[in-house]
Each structure stands twice: as C-alpha cells, then as structure tokens.
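Engineer: fold the following for me, if possible:
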Amino acid sequence: MRIGSILFPVWEVLDILGPLGVLIRASRIHQQADGNNGITEPAEFVVVSEHGDIPTPSSVGSFAVWPDHSFDTCPQLDVLLVPGGMGTRTQVKNSQILDFVRRQARGARFVVSICTGSAILAESGVLEGKRATTNKMAWKSMIVFGKHVQWVPEARYVVDGNVVTASGVSAGVDMGIWLSEQLFGQAATQQTLAEIQYEPMAAGDDPFWRIHQQPLKDLASAEQPCIKRVILALVDGFELLDIAGIVQVIKYLALRGVSLDIIKLTADSPSLPINEHRIRGHYAFGGDSQASPGGRFSPIRAVCSRSLSMSEALADPARLFGDGLNEFGNI
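Structural biologist: Numbers count the residues shown, from 1 in each chain. Take a look at the predicted model:
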C-alpha cells in the first residue's frame with residue numbers, strides 16, 4: 001500500500017502532519033500485530049511535489065520538507081492526501097497539480113483533502129457531483145471552486161464514495177482516524193487513539209461552523225508575545241504529532257514577529273546515511289522511533305538550519321539556544 005502526500009509552497013503543516021501521524025502509527029501497529037506471518041505488507045509513505053528536487057516550504061516558512069517524487073516520477077498511489085494552506089490560492093490555477101490529481105484519482109483507493117485542499121480537488125473535477133466540506137473560516141472563498149459540488153457546511157469531514165474531504169486544519173486528524181480504520185482496521189486504530197491520547201470529533205458536527213458565523217477578534221489589538229524566537233530541536237524519529245501543533249501555533253506567532261529556528265540533534269555516533277547524497281544541508285526524519293518494517297522511515301524529512309550532537313548541546317547549552325537563552329529565558 002502506497003500513501004502519498006502532495007506538497008506545494010505554503011502548505012499547511014497540521015494538514016499533513018496530523019493525518020500522517022495517525023496513519024504511520026496505525027500502520028506500524030497493524031504490521032506488528034501481523035507478526036512474522038508476512039500477510040500484511042508494510043505501508044509505504046511518500047511525499048510528492050511538482051518538481052521533486054528541492055525542499056518545499058510550509059505555511060511556517062522555516063519548516064520545509066524534502067519530497068520523494070515529482071509529479072512525473074511518482075508511481076500510482078493507493079491513497080492521495082491533498083493539504084490546504086494559503087498556497088492553494090495559486091495551486092488551483094496550476095495545471096500541473098490539477099492534472100496530477102486527476103491521474104492519481106483514477107487509480108487511487110481513496111482521494112483525500114484537508115482544509116482548503118478541497119479547492120484543488122474541486123478544480124480538478126474530482127468533487128464533481130459529490131458532497132464535500134472545507135475550512136469553515138475560508139468557507140465563502142472556497143465553495144466557488146468546482147461546478148457541481150454539494151458543499152456541507154456543518155460537517156467535520158465528508159465521505160462520498162472514495163473521496164474524503166475534511167474541514168479546517170485539525171479536522172484532518174479526525175478524518176485520518178476514520179481513514180485508519182478503513183486501511184488498518186479498528187483494533188490498530190483504537191490502539192493508536194490510546195497511544196496518541198486523542199478523542200476524535202464526529203464526522204457530521206463541526207463546531208467551528210458555528211464559531212465562524214461570528215466575526216473573529218481583531219488580532220491587531222492582542223498583546224505582543226513575550227518571546228521572539230522558538231528553537232525546535234529534532235532528532236531522527238521525532239513524532240509528527242508531537243511537533244505538528246507546536247509548529248502550527250508558531251505560524252500565527254510569526255505574524256507577530258516570533259521566528260522559528262529548526263536544528264537537528266544527533267547521537268554522538270554518525271546518523272544513518274539514508275539518501276544523504278541528495279540532501280543539501282541538515283535534515284531529520286520523523287514519524288517513527290525506528291525504521292519501518294520495510295526499512296523505510298517516515299517521508300517527512302525536515303530541513304534543519306544546523307546540526308549539533310547531544311554531547312555538544314549538553315556540554316555547552318549556548319550552542320543549542322544561542323543568544324536566545326539569555327535574552328528570552330526558557331524557549
């Protein structure tokens with residue numbers, strides 16, 4: 001089974017890291033339950049971008065991910081995930097991504113969008129004649145896409161045949177749990193929920209539909225953040241859900257002048273040289289504490305600005321935090 005996520009400039013972090021965090025964990029649990037019987041093949045997770053040869057920046061510009069394939073080299077996917085984000089506003093006019101979605105949709109078991117990614121599905125024709133939902137905050141600007149789409153405002157996520165559309169951002173986690181049950185079964189999904197300590201919302205009731213009927217508070221009058229910089233230290237095997245929410249919040253703090261510095265912490269022994277020849281600079285693999293049963297890490301290869309060993313960081317914390325340790329305290 002091959003599960004692929006499309007990335008484009010200014011994709012929404014939680015849209016992808018949320019569902020992938022659920023699916024990767026459930027896949028691992030499902031595979032472990034199979035034991036050595038060899039009945040269940042490990043799921044393969046890949047990341048796809050238009051060109052495939054450069055890291056793709058997210059809605060938090062300093063958080064970028066290196067893709068595995070371009071649209072031209074990507075094999076047929078069993079599950080296609082399409083995120084939202086401000087980048088969808090330009091991608092709905094990008095014939096390359098629309099053609100890729102159409103091609104993949106013909107052979108995919110499931111085609112999934114999160115947040116405003118529904119606009120890409122709508123423009124590609126995948127939502128033609130189907131029920132769907134999208135981000136409630138951007139509702140009016142999103143439902144203009146597509147021709148014969150039955151938009152469902154109150155839904156957290158909508159399943160219509162093999163097409164699944166989720167509401168805004170965090171709804172991708174709820175949708176990911178439903179998708180996990182279809183792909184890996186109820187037992188693996190229930191164990192996943194217990195491990196990530198999450199209670200999903202119901203498919204048909206999105207409280208944010210009601211919330212966004214009222215004007216939101218003007219953020220210009222909000223207090224200034226008490227910090228100026230957040231340092232995110234990653235190690236190989238970082239859990240996607242552990243950082244997804246933090247990075248998503250930093251996106252909004254960035255609008256108020258807070259910056260994000262991503263660094264890689266390494267063991268004193270050399271890291272595994274997986275695809276190292278392709279990576280320019282530092283990077284970290286995420287989504288699992290070990291390589292998958294098939295020997296493959298999660299596809300989320302996060303680009304880091306610098307790298308430090310654990311011993312260096314412990315011996316001299318200033319190398320980890322820089323001037324920020326003294327200036328801003330615990331960050």
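Engineer: element containing the closest residue to residue 198 other than its chain neighbours?
Structural biologist: Distance criterion Cβ to Cβ, 6 or more residues apart in numbering; nearest residue to residue 198, sequence neighbours excluded, is residue 173 at 6.9 Å. Placement of C-beta: from N, CA and C, glycine included. Counting by DSSP states H and E, the element that carries residue 173 is helix 171-184.
Engineer: who are the packing partners of the following helix or strand past that helix?
Structural biologist: Following the chain from helix 171-184 toward its C-terminal end, the next helix or strand by DSSP H and E is helix 186-196. In terms of contacts (3 or more Cβ pairs under 8 Å, 6 or more residues apart in numbering; DSSP states H and E), helix 186-196 is packed against helix 13-34, helix 171-184.
Engineer: make JSON lines out of these and add distance to residue 232 and mean neighbour count.
Structural biologist: What follows is those, written out as JSON lines (distance: least, Cβ to Cβ, whole Å; neighbours: other Cβ atoms under 10 Å):
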{"stretch": "helix 13-34", "distance to residue 232": "12", "mean neighbour count": "24"}
{"stretch": "helix 171-184", "distance to residue 232": "20", "mean neighbour count": "24"}
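Engineer: the stretch 151-300 of the chain: helices as residue ranges?
Structural biologist: The residue ranges that make up the helices of the stretch 151-300 of the chain, judged by DSSP state H, counting those that start in this stretch, are 171-184, 186-196, 207-211, 240-254.
Engineer: including distance to residue 48, could the ones you listed go into CSV?
Structural biologist: As requested, the helices of the stretch 151-300 of the chain are exported to CSV (distance: least, Cβ to Cβ, whole Å):
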stretch, distance to residue 48
helix 171-184, 17
helix 186-196, 24
helix 207-211, 29
helix 240-254, 17
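Engineer: any chance of the ones you listed in JSON lines, with mean pLDDT and distance to residue 27 too?
Structural biologist: Rendered in JSON lines, the data for the helices of the stretch 151-300 of the chain read as follows (pLDDT from 0 to 100; distance: least, Cβ to Cβ, whole Å):
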{"stretch": "helix 171-184", "mean pLDDT": "97", "distance to residue 27": "6"}
{"stretch": "helix 186-196", "mean pLDDT": "96", "distance to residue 27": "8"}
{"stretch": "helix 207-211", "mean pLDDT": "90", "distance to residue 27": "29"}
{"stretch": "helix 240-254", "mean pLDDT": "89", "distance to residue 27": "13"}
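Engineer: nearest to residue 234 among those would be which one?
Structural biologist: Nearest to residue 234 among those is helix 240-254; the distance by Cβ to Cβ comes to 7.3 Å.
Engineer: C-alpha coordinates for that closest one, PDB please?
Structural biologist: As requested, C-alpha coordinates have been extracted for helix 240-254 and formatted as PDB (Å, rounded to 0.1, in the frame of the first residue of the first chain):
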ATOM      1  CA  LEU A 240       4.900  14.000  13.800                       C
ATOM      2  CA  LEU A 241       2.000  14.700  16.200                       C
ATOM      3  CA  ASP A 242       4.400  15.900  18.900                       C
ATOM      4  CA  ILE A 243       5.600  18.800  16.700                       C
ATOM      5  CA  ALA A 244       2.600  19.400  14.400                       C
ATOM      6  CA  GLY A 245       0.600  21.500  16.900                       C
ATOM      7  CA  ILE A 246       3.600  23.500  18.000                       C
ATOM      8  CA  VAL A 247       4.700  24.400  14.500                       C
ATOM      9  CA  GLN A 248       1.100  25.300  13.600                       C
ATOM     10  CA  VAL A 249       0.900  27.700  16.500                       C
ATOM     11  CA  ILE A 250       4.200  29.300  15.600                       C
ATOM     12  CA  LYS A 251       2.700  30.100  12.200                       C
ATOM     13  CA  TYR A 252       0.400  32.600  13.900                       C
ATOM     14  CA  LEU A 253       3.100  33.800  16.300                       C
ATOM     15  CA  ALA A 254       5.200  34.600  13.300                       C
END
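Engineer: next one: that helix to chain centre, how far?
Structural biologist: With Cα atoms, centre = their mean, to the nearest Å as the basis, helix 240-254 stands 11 Å off its chain's centre.
Engineer: which neighbouring elements make contact with that helix?
Structural biologist: Applying 3+ Cβ pairs under 8 Å, 6+ apart, one finds that helix 240-254 makes contact with helix 13-34, strand 229-234, strand 259-266.
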